[in-house]
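Enquirer: Give me a 3D structure for the following:
(chains A, B, C and D)
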There are 4 protein chains.
Amino acid sequence: MAAISLHTLNTAGKAQFVAALGDIYEHAPWVAEAVHGKRPFANLTALNDAMAAVVRAAPAEQRTALLKGHPDLAGKAARAGTMTSDSKAEQASAGLNRLTEGELKEFHRLNTAYREKFGIPFIVCVRRHSKDSILREFTRRLHNHASTEVKTALTEVFRIAALRLDQRVETPDRLRVHGRLSTHILDTQAGHPAAGVALELVELAAHGEPHVIASGTTNHDGRTDQPLIAGRPVPIGRYELRFHVGDYFARMGVAQGDPPFLDVVPVRFAVAEPESHYHVPLLVTPWSYTTYRGS
Amino acid sequence: MAAISLHTLNTAGKAQFVAALGDIYEHAPWVAEAVHGKRPFANLTALNDAMAAVVRAAPAEQRTALLKGHPDLAGKAARAGTMTSDSKAEQASAGLNRLTEGELKEFHRLNTAYREKFGIPFIVCVRRHSKDSILREFTRRLHNHASTEVKTALTEVFRIAALRLDQRVETPDRLRVHGRLSTHILDTQAGHPAAGVALELVELAAHGEPHVIASGTTNHDGRTDQPLIAGRPVPIGRYELRFHVGDYFARMGVAQGDPPFLDVVPVRFAVAEPESHYHVPLLVTPWSYTTYRGS
Amino acid sequence: MAAISLHTLNTAGKAQFVAALGDIYEHAPWVAEAVHGKRPFANLTALNDAMAAVVRAAPAEQRTALLKGHPDLAGKAARAGTMTSDSKAEQASAGLNRLTEGELKEFHRLNTAYREKFGIPFIVCVRRHSKDSILREFTRRLHNHASTEVKTALTEVFRIAALRLDQRVETPDRLRVHGRLSTHILDTQAGHPAAGVALELVELAAHGEPHVIASGTTNHDGRTDQPLIAGRPVPIGRYELRFHVGDYFARMGVAQGDPPFLDVVPVRFAVAEPESHYHVPLLVTPWSYTTYRGS
Amino acid sequence: MAAISLHTLNTAGKAQFVAALGDIYEHAPWVAEAVHGKRPFANLTALNDAMAAVVRAAPAEQRTALLKGHPDLAGKAARAGTMTSDSKAEQASAGLNRLTEGELKEFHRLNTAYREKFGIPFIVCVRRHSKDSILREFTRRLHNHASTEVKTALTEVFRIAALRLDQRVETPDRLRVHGRLSTHILDTQAGHPAAGVALELVELAAHGEPHVIASGTTNHDGRTDQPLIAGRPVPIGRYELRFHVGDYFARMGVAQGDPPFLDVVPVRFAVAEPESHYHVPLLVTPWSYTTYRGS
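Expert: Purely as a prediction, here's the structure:
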């Protein structure tokens, strides 16, 4: 669905307003309907807060219906093609559209157990997760008490809605739903940024092949022109940055040993806070390197 | 063959002497025969030098015959079980006894091309190499001139002989044929060695799975009780050390994020000088690390 | 003298124009006069280039007169109070107004020797230097050939003029006469910037006490709110940054030893390129630190 | 007094035994007398333990007399030349024989206040301290309760005795009274130890000039041939190691900037545990360095 400006929303009639925002909450256009009368919204945060307030103030049965309206993860709706387009894109972002047979079975087993125990589908804001961390959350949350879990599910519903709203509405202010992943390579042998170093960002998974999710080459300032991840949450998960420093030092004409002591430097790390800035730089010579969570 | 002391060799009759050292040079007992008269040897270096001098002083045809007496790498002799036991053990050390079909074909192709061009088998001191670096050397040396290559082959024959001699003879002095690979983990968050950290040393290969060649746990001084490799050359090749620091910091009760920012830290490096000491330490906190070629 | 906009200069009559820019070149208003007819100037670089071109195109005697019009460093003009206000401020910036008796004698000796050999005063763009590096340059340049030295003196005159022009004229573009010195402290024990760390920047001198030239406290991003030096050249010289990390870790409640292993961390470095960015960060735990020339 | 072997002591008559060990406890030969009958001692630890046990088992008045028998620090006995030779050497080791007038007054003030409050002289094992830390201890301990302070004084008496015994008796085992301070310089630009680097170890003081206590040059392994401090406690105090890396890299012919970005690298640290090993290495390129408490 195309983006729409906050100004347009603020001046829209009810039908247009609900057409634009009716699917921010899954199968729950009543949320958009309820806030139409509260226009104009000073900014996106105000709109987001108003919609969340409607959900919080709704009767318990309506909230439960909202939760029940969500599709299973990697479930029948996905295979049948009956998911909302938002849900489809979200599940694909975490790789749930390319699971192995074993993983599909595991999801099926967890979905069944979860529905049996809680009477609602398992809801998680998948854009904040990798496949591995979804499975970890799934397993972990199965042990919750029902009352805790309803609260947790609602928190995830709010996260999903905020991300959808942030993408849907054009406005100067942004919701606090974005993280950032960046890097920087400093050649501490020569005392300047390392330019022209090829690098890849790989998502690691407990099962299955590593998945290259970004690649690039450092510019004259030792950075990639764009952050490796920006404008969205950095999914909770495990990653590997691969820095091709052997080729770089070879181009610099620097003595390295044959084969070079360092060639492709792998830096493995995990992301735990999707809305944070992860800066993972490399200080490197042909014989040593330092890496750290920077800022 | 059992080890024998230098003293015993110095007082041995010719038959016993040649029985002990006749296979130091492949299929060339005449080398041992020729040095028997030069006993006693002050030390192992003197014995090694004397045997090499015999080879260098031999008529060209005899030297060529010595070269021709070596088996192909991963060749027919291996499959037929007709290699000397030394050659068999040496080729196994570099993993030549567990090649894929594709690699066997590549060795066959290179063996044929090499014999055609130079009239001798390809000789390399395999204990100084990994599978990858043998293939690299093979390809590289095929481009040599015949005169260069005969010299190179002879240098390798001397290396093979020195390693065999160093293993065969018990004596206080050792030949300079040993390297060493060691590590050390320092917890720079707490300012002391990191004890109880599990680690593995893995040999990497261009094709095929990584191969764990050593593993251990750090002691109270942050080191493994024994070096990861010692008493032999460190094979030219590419390696990865894997340090399980996430578990360590969890045991220390230190805040790490969930999942921990660092868990298993991989350090990839290459060895280029098999007779050198490679010390590859890790200075680590839950949020940063430094590694380098130390001493 | 008050700053003036490029627009005003571009529309000024000759008298106003020369009043504003007549002292950009020391005692040489003819340079400003000569470029008045070339207005308008698209930007500051164009104006600067035009003035330099006038000097380069002037008859040799006029250029020599320009050089001779400069005051001695720490010389009679300074003591007599007859220097231009620009020269006075410039010499003060390098501490030439607070020399010891020994240093004054040394300057006198060098001034005399230089004038005797070259027939002109020693000219150097003092805003690019510390006291130590001026003395070093002075001694070094005394060994030059006369022809080299006239070129060198002229280069310095252009540097002085560019800095004066950059300060005098308000315009969106700046001349490339600025450097920057900045720092950043990362607490690699906790994995975040170190906020609230007191620090000082000290200029070191071969003789005399260290001179604190900036001090501050790191903000929540581990940086000082303003760079330690910006908007001007970073004088060639030797510096020490002092980071009060012991107090910081004490506030964090972190085990440090008593007394703490690290307390005030001194980082000594030299600046060689006044128009460059020197970023000198600190990665620190209570038991370790790393520093480097960053970017 | 000359060293004596444990064997000689074990076979000595009472007179010889007491002559050798009568001054291990200050003005208290009765301690040596009491253990003579317990010979032979299996090792130095057994002898030390036996003497301490005698002190612990002595009547309270005798222990108090032992405490009272100690001289003031930097007191009248020192100036009058009536201290035991052990005490004289010990006080000199901490620089108490070269105090300023202000420091002498401060010691006099503290001595008086301490004697007034506790009725005994202030006793501290000065070989474990620098001047600064003695003053800090003095001030701190003045606030103790009398009962605590008697225990503390006795602990110090045992430390003094153990150090004297360790120096006096020749035996294969040593008491655990030694620390060690060492360094190591690794050139991470070239990937090998930095040989030929001049360095100094300086003791810092709150008042007065830094005091060079060791200096040397690194050998081919990047270490000093001897540890900077060994065979004795490393005095509690603040130190600065100064590494002359600018000269080293200049000899290596490496680009450094002019003046070099790094020249003399100062590393400031404090020692808190005199019987520990402090390893303070430097990993250095012309543009970066790392230091840490190693092992």
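Enquirer: got any ranges where chain A has weak pLDDT?
Expert: Counting by pLDDT under 70, chain A has low-confidence residues at A:1, A:77.
Enquirer: now the helices for it?
Expert: All helices of chain A, identified by DSSP state H, fall at A:6-10, A:14-21, A:29-36, A:44-57, A:60-68, A:76-80, A:85-93, A:101-118, A:131-141, A:146-168, A:245-252.
Enquirer: ok, how many other residues are close to residue A:143?
Expert: Close neighbours of residue A:143, defined as other Cβ atoms under 10 Å in any protein chain shown, add up to 9. C-betas here are computed from N, CA, C, even on glycine.
Enquirer: Contacts only, for it.
Expert: Remark: with contacts taken as Cβ atoms under 8 Å, 6 or more residues apart in numbering or on different chains, residue A:143 is in contact with nothing.
Enquirer: what do you get for residue A:257?
Expert: Contacts of residue A:257 by Cβ under 8 Å, 6+ apart are A:286, B:270, B:272, B:273, D:191.
Enquirer: rerun that using 7 Å as the cut-off
Expert: Counting by Cβ atoms under 7 Å, 6 or more residues apart in numbering or on different chains, residue A:257 touches B:270, B:272.
Enquirer: tell me, how many neighbours does the closest residue to residue A:35 other than its chain neighbours end up with?
Expert: The shortest distance from residue A:35 to any non-neighbouring residue, by Cβ to Cβ, 6 or more residues apart in numbering or on different chains, is to residue A:50 (4.6 Å). By other Cβ under 10 Å, 15 other residues sit near residue A:50.
Enquirer: Is residue A:50 in contact with residue A:39, as I believe?
Expert: No. Judged on Cβ atoms under 7 Å, residue A:50 makes no contact with residue A:39 at a distance of 9.3 Å.
Enquirer: hmm, who's touching stretch A:24-37?
Expert: A:14, A:17-18, A:21-22, A:50-51, A:54-55, A:66, A:69-70, A:84, A:87, A:161, A:164-165, A:168.
Enquirer: Residue A:227 is in contact with residue A:180, correct?
Expert: Yes. With contacts counted by Cβ under 7 Å, residue A:180 reaches residue A:227, the gap being 5.1 Å.
Enquirer: what about the residue nearest to residue A:201 when sequence neighbours are not counted, distance to chain B?
Expert: Of all residues not flanking residue A:201 in the chain, residue A:214 sits nearest, at 4.2 Å (Cβ to Cβ, 6+ apart). Using Cβ to the nearest Cβ, to the nearest Å, residue A:214 is found at 19 Å from chain B.
Enquirer: can you pull the contacts of residue A:214?
Expert: Counting by Cβ under 7 Å, 6+ apart, residue A:214 has contacts A:201, A:228, A:229.
Enquirer: count of residues packed around the closest residue in space to the last one that isn't next to it in sequence?
Expert: Read that as residue A:229. Spatial nearest neighbour of residue A:229, excluding adjacent residues (Cβ to Cβ, 6+ apart): residue A:181 at 4.0 Å. By other Cβ under 10 Å, 22 other residues sit near residue A:181.
Enquirer: Pairing partners for residue A:181 in the sheet, please.
Expert: Beta-bridge partners recorded for residue A:181 (DSSP bridges): residue A:229, residue A:278.
Enquirer: tell me the contacts of it?
Expert: A:227, A:228, A:229, A:234, A:278.
Enquirer: next one: residue A:113
Expert: Counting by Cβ under 7 Å, 6+ apart, residue A:113 touches residue A:142.
Enquirer: again, only this time at 10 Å
Expert: A:122, A:138, A:139, A:142 (Cβ atoms under 10 Å, 6 or more residues apart in numbering or on different chains).
Enquirer: how near is the closest residue to residue A:102 other than its chain neighbours to chain B?
Expert: Leaving aside its chain neighbours, residue A:102 sits nearest to residue A:207 (7.1 Å; criterion: Cβ to Cβ, 6+ apart). Per Cβ to the nearest Cβ, residue A:207 is found 16 Å from chain B.
Enquirer: hang on, residue A:206 packs against residue A:134?
Expert: No. Here residue A:206 lies out of contact with residue A:134, judged by Cβ atoms under 10 Å, at a distance of 11.6 Å.
Enquirer: Which residue of those two possesses the greater neighbour count?
Expert: residue A:134 (26 against 11).
Enquirer: I'd say the more buried one and residue A:156 touch.
Expert: No. Between residue A:134 and residue A:156 there is no contact, the gap being 11.1 Å when judged by Cβ under 10 Å.
Enquirer: Could you tell me how many residues sit around residue A:250?
Expert: For residue A:250, using other Cβ under 10 Å, the count is 13.
Enquirer: quick one: contacts for it?
Expert: Residue A:250 is in contact with A:256, A:260, A:263, A:286, counting by Cβ under 10 Å, 6+ apart.
Enquirer: how about 7 Å then?
Expert: residue A:256.
Enquirer: so who does residue A:135 touch?
Expert: Contacts for residue A:135 were tallied using Cβ under 7 Å, 6+ apart; they are residue A:106.
Enquirer: Quick check: the gap between it and residue A:103.
Expert: Going from residue A:135 to residue A:103 by Cβ to Cβ, to the nearest Å gives 8 Å.
Enquirer: what does residue A:13 give?
Expert: To residue A:103, residue A:13 is 46 Å away according to Cβ to Cβ.
Enquirer: ok, now residue A:223?
Expert: 36 Å.
Enquirer: do residue A:182 as well
Expert: 31 Å.
Enquirer: Enumerate the residues of chain A near chain C.
Expert: A:186, A:188, A:191-193, A:221-222, A:283, A:290, A:292-295 (Cβ under 7 Å from any Cβ of the partner chain).
Enquirer: Out of those residues, flag the one nearest to residue D:149.
Expert: Using Cβ to Cβ, residue A:292 is the member of the residues of chain A next to chain C that sits closest to residue D:149, with 46.0 Å.
Enquirer: Pretty sure the closest one sits against residue B:288.
Expert: Yes. Contact criterion Cβ under 7 Å: residue A:292 and residue B:288 qualify, at 3.3 Å.
Enquirer: Common neighbours of those two, please.
Expert: Contacts common to residue A:292 and residue B:288, judged by Cβ under 7 Å, 6+ apart, are C:188, C:283.
Enquirer: Which residues belonging to stretch A:210-218 are considered buried?
Expert: A:213, A:214, A:216, A:218 (16 or more other Cβ atoms under 10 Å in any protein chain shown).
Enquirer: got a list of what the first one touches?
Expert: For residue A:213, the set of contacting residues under the criterion of Cβ under 7 Å, 6+ apart consists of A:201, A:202, A:203.
Enquirer: Look at the residue lying closest to residue A:294 once chain neighbours are set aside and say how many residues are nearby.
Expert: Spatial nearest neighbour of residue A:294, excluding adjacent residues (Cβ to Cβ, 6+ apart): residue A:279 at 3.9 Å. Around residue A:279 there are 16 other residues, counting by other Cβ under 10 Å.
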